[in-house]
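**Student:** Take a look and give me a structure for this.
(one chain, ligands or ions: 2)
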Amino acid sequence: MQHVDVITLGAGGGAYPAAFRLARAGRRVVMVDPKGVMSGNCLAEGCVPSKAVREVAELYRTAQRFERFGLSGEIGADFAGVVAHKDRVQRTRYTQHAAELARLAERLTLVQGVARLQDAYTVVVESEHGEESYRAEHIIIASGSDVFVPPIPGAELCVTSHDLYALDSSFKSLPRRLVVIGGGYIGLETATFLRAFGAEVTVLEMMDQILPGMDPDFVAGLAPLLDPAIRRVTGAKVETIENAADGTLTVRYAVGDKNETGDKTETVAADAVLMAAGRHAVVPEGAEAIGLELQRGRVVADTALRTNLPGLYACGDVNGRVPLFHAAVGQSLIASRNILGGDQALDYFDFGAVPTTIFTLPMAAYVGHTRAALKARGIEALETAYNFAEDSRAQIFDETQGEIRLFFEPGTLRLLGGWIIGIDAGQLVGEIGLAVSKGLTAHDLAAFCDQHPMASEGISKAARALF
Ligand SMILES: Cc1cc2nc3c(=O)[nH]c(=O)nc-3n(C[C@H](O)[C@H](O)[C@H](O)COP(=O)(O)OP(=O)(O)OC[C@H]3O[C@@H](n4cnc5c(N)ncnc54)[C@H](O)[C@@H]3O)c2cc1C
Ligand SMILES: NC(=O)c1ccc[n+]([C@@H]2O[C@H](COP(=O)([O-])OP(=O)(O)OC[C@H]3O[C@@H](n4cnc5c(N)ncnc54)[C@H](O)[C@@H]3O)[C@@H](O)[C@H]2O)c1
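**Tutor:** Ligands and ions are numbered 1, 2, ... in the order given. Below you'll find the predicted structure:
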């Protein structure tokens, strides 16, 4: 039995920020992760590799409009080369993380293995060297999430985000026809990337809106900007996936016919089917047995990231509250602060001000409360918008579709939320998110001289439109 101060289950965004901070503060910390490397699924098969592919797709899309900018020549796309670029970025980051870890080696160790909870203080790690027990006063559960595969006959024929984005993945050639099951983040993002390289893409979403759960007006703003050649079917109930001897896959789905009663069945042929129907939390073995409160398969954590058991914290996808990398990092840092405070809540995570970007081509992003959420709360927000048709940077790049929209509390003029559809959305949402989280008002935003000629000037311009 080894005695340490803190042990983390996982070494991803929910774990390592806390582990580093606690080690720097003099605590002895052990992170356990079967990958044996830091960064969890974000670097292994999530944010970074998918965005490496995205940015190349964006460049390629822009290259096809080179003539408008006075450039000439033909640019081709080699999908295997794109995957090689993605792999290089992943390797670079793994090397960087290894060096970061080495600098704290005296107090921070990463053990390759799978951890299970024996009691509220003891973790058993199973590795290729056998089993080893660790006792710690504080445990951070950050075991993340994994691909959810619905029980559809033939689902095993599908690829997942793991197959597409993992390091050294074998998915190196562009499918001529791609069917995507699920019109959420992964489904829509990947649909636009592979479409940009030339694949014929169909997205089958079971709900009656792509990106279900997001503000319908926000989605309605993004939808017409996506490549119209991507066929999008909503209300699609996938029934089977079958393969023929020549390798062709057939996806059979039922879809409501508005003119007749009942559903009709349709089929679509594919060379690859991407299953992007969501992710589920990975709860470590032993959690239930030691009395950890779970709800809908996730570890329940409060806004101080405490579970129902003293000394045990749950950060990131495993608590399912906001399954995004930067949210996991933010939570991890709050947990470390509360651990340093002797399990006294010194800080709370603001789940209401986490920026969210859908990295489709083009992107869209939002933060805080937008129109639908505000209406549901009976708040008639003061709304203002800036149209990218008027924006210098958007005109320079010939990407003038979309807008910045801000929602203010009447009376106080406090910024409650905002969205950006179109150019630089994933960058602009940071400034709006900071303003939401710090309680800034329309006066504050209007008075700030955002940089010209950058799309961010649309934020202050939108606020100035109120005065
Ligand atoms: C394709 C894709 C694209 C994405 N793009 C974005 C994006 O652009 N932006 C964004 O913010 N988010 C994105 N995400 C989501 C993001 O990856 C997650 O929100 C983030 O990785 C969560 O971090 P985490 O530490 O909570 O969990 P994870 O990253 O899942 O890490 C958990 C770690 O715990 C380990 N583990 C599991 N069980 C055990 C155990 N019993 N013992 C020890 N270790 C264990 C796992 O091996 C894993 O390494 C994307 C996800 C996917 C799949
Ligand atoms: N840009 C980002 O920040 C980003 C990018 C990728 C992933 N992520 C994270 O990863 C998580 C998982 O992504 P995801 O896209 O797999 O999940 P998701 O929850 O965003 O989308 C899954 C979609 O699949 C649909 N669906 C489920 N079962 C279906 C079925 N049988 N047939 C047709 N449609 C079905 C759902 O209605 C939903 O729209 C996200 O929730 C997000 O937290 C974030």
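**Student:** My guess is Thr202 contacts Val179. True?
**Tutor:** Yes: Thr202 is within contact range of Val179, at 5.0 Å (criterion: Cβ atoms under 8 Å). Glycine gets a C-beta too; all of them are placed from N, C-alpha and C.
**Student:** joint contacts of those two?
**Tutor:** Each of Val268, Ala270 lies in contact with both Thr202 and Val179 under the rule Cβ atoms under 8 Å, 6 or more residues apart in numbering.
**Student:** Just want to know which of these two has more residues nearby.
**Tutor:** Between Thr202 and Val179, counted using other Cβ atoms under 10 Å, Val179 has the larger neighbour count: 28 against 21.
**Student:** per-residue pLDDT, that one?
**Tutor:** Looking at Val179, its pLDDT reads 98.
**Student:** ok, now the one 5 residues further on?
**Tutor:** Looking at Gly184, its pLDDT is 98.
**Student:** In contact with it, which residues?
**Tutor:** Glu205, Leu211, Pro212, Ala276, Ala277, Gly278.
**Student:** Can you tell me how far it is from ligand 2?
**Tutor:** Using Cβ to the nearest ligand atom, to the nearest Å, Gly184 is found at 2 Å from ligand 2.
**Student:** Surely Val238 forms part of a strand?
**Tutor:** Yes: when DSSP: H, G, I helix; E, B strand; the rest coil is applied, Val238 is found to be in a strand.
**Student:** tally of neighbours for it?
**Tutor:** Going by other Cβ under 10 Å, the residues that sit close to Val238 add up to 25.
**Student:** Who does the residue nearest to it when sequence neighbours are not counted form a beta bridge with?
**Tutor:** Once flanking residues are discounted, Val238 sits nearest to Tyr253: 4.6 Å by Cβ to Cβ, 6 or more residues apart in numbering. Beta-bridge pairing for Tyr253 (DSSP bridges): Val238, Glu266.
**Student:** didn't Tyr253 look like it was pressed against Ala236?
**Tutor:** Yes: using Cβ under 8 Å, Tyr253 is in contact with Ala236, at 4.5 Å.
**Student:** Backbone dihedrals for whichever residue of the stretch 351-467 of the chain sits closest to ligand 1, both of them.
**Tutor:** At 5.6 Å from ligand 1, Phe359 is the closest residue in the stretch 351-467 of the chain, using Cβ to the nearest ligand atom. Phi and psi for Phe359, reported as degrees, to the nearest 10, are phi -80, psi 40.
**Student:** which bits of the stretch 1-150 of the chain sit near ligand 2?
**Tutor:** Applying Cβ under 6 Å from any ligand atom, we find that the stretch 1-150 of the chain lies next to ligand 2 at Pro150.
**Student:** low-confidence ranges in the stretch 1-150 of the chain?
**Tutor:** Low-confidence regions of the stretch 1-150 of the chain, defined here as pLDDT under 70, do not occur.
**Student:** which bits of the stretch 251-400 of the chain sit near ligand 1?
**Tutor:** Counting by Cβ under 6 Å from any ligand atom, the stretch 251-400 of the chain sits next to ligand 1 at Val282, Pro284, Gly316, Asp317, Val318, Pro323, Leu324, Phe325, His326, Ala328, Phe359.
**Student:** Show me which pair in these is furthest apart.
**Tutor:** Farthest pair in these (Cβ to Cβ) is Pro284 and Phe359. Separation: 29.9 Å.
**Student:** any idea how far the residue of the stretch 351-467 of the chain closest to ligand 1 is from Arg337?
**Tutor:** Phe359 sits 30 Å away from Arg337, going by Cβ to Cβ, to the nearest Å.
**Student:** who in the stretch 51-200 of the chain is up against ligand 1?
**Tutor:** Checking the stretch 51-200 of the chain against ligand 1 by Cβ under 6 Å from any ligand atom, the hits are Lys51, Val114, Ala115, Ala142, Ser143, Gly144, Ser145, Ser161, Tyr165, Ile186.
**Student:** Identify each buried residue in the helix or strand hosting the first one, please.
**Tutor:** Assessed by DSSP states H and E, Lys51 sits inside helix 47-63. Buried residues in helix 47-63, counted by 16 or more other Cβ atoms under 10 Å: 47-54, 56-58, 60-62.
**Student:** need those residues in TSV with distance to Leu110, can you?
**Tutor:** TSV is the format used below for these (distance: Cβ to Cβ, whole Å):
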residue	distance to Leu110
Cys47	20
Val48	19
Pro49	21
Ser50	24
Lys51	25
Ala52	24
Val53	27
Arg54	29
Val56	31
Ala57	33
Glu58	34
Tyr60	37
Arg61	39
Thr62	40
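**Student:** Regarding the protein, what is its longest helix?
**Tutor:** Across the chain, the longest stretch assigned as helix under DSSP state H is helix 79-103.
**Student:** What lies in contact with the helix or strand following that helix?
**Tutor:** On the C-terminal side of helix 79-103, the closest following helix or strand by DSSP H and E is strand 108-112. Residues from elsewhere that reach strand 108-112 (Cβ under 8 Å, 6+ apart): 11, 19-20, 23, 29-38, 101, 125, 127-128, 132.
**Student:** Stretch 21-34 too?
**Tutor:** By Cβ under 8 Å, 6+ apart, the list of residues contacting stretch 21-34 from outside reads 2, 4-12, 15-16, 19, 38, 40, 104, 107-115, 123, 125, 134, 136, 333, 336-337, 339-340.
**Student:** repeat for stretch 156-166
**Tutor:** By Cβ under 8 Å, 6+ apart, stretch 156-166 touches 44-46, 49-50, 53, 86, 147, 149, 169-171, 181, 186, 190, 241-243, 249, 272-276.
**Student:** Which of those fall in helices?
**Tutor:** Residues of the contacts of stretch 156-166 located in helices (DSSP H): Ala44, Glu45, Pro49, Ser50, Val53, Lys86, Ile186, Thr190.
**Student:** nearest spatial neighbour of whichever residue of the stretch 101-250 of the chain sits closest to ligand 1, skipping sequence neighbours?
**Tutor:** Scanning the stretch 101-250 of the chain for the residue nearest ligand 1 gives Gly144, at 2.1 Å (criterion: Cβ to the nearest ligand atom). For Gly144, ignoring the flanking residues on the chain, the nearest one in space by Cβ to Cβ, 6+ apart is Asp317 at 4.5 Å.
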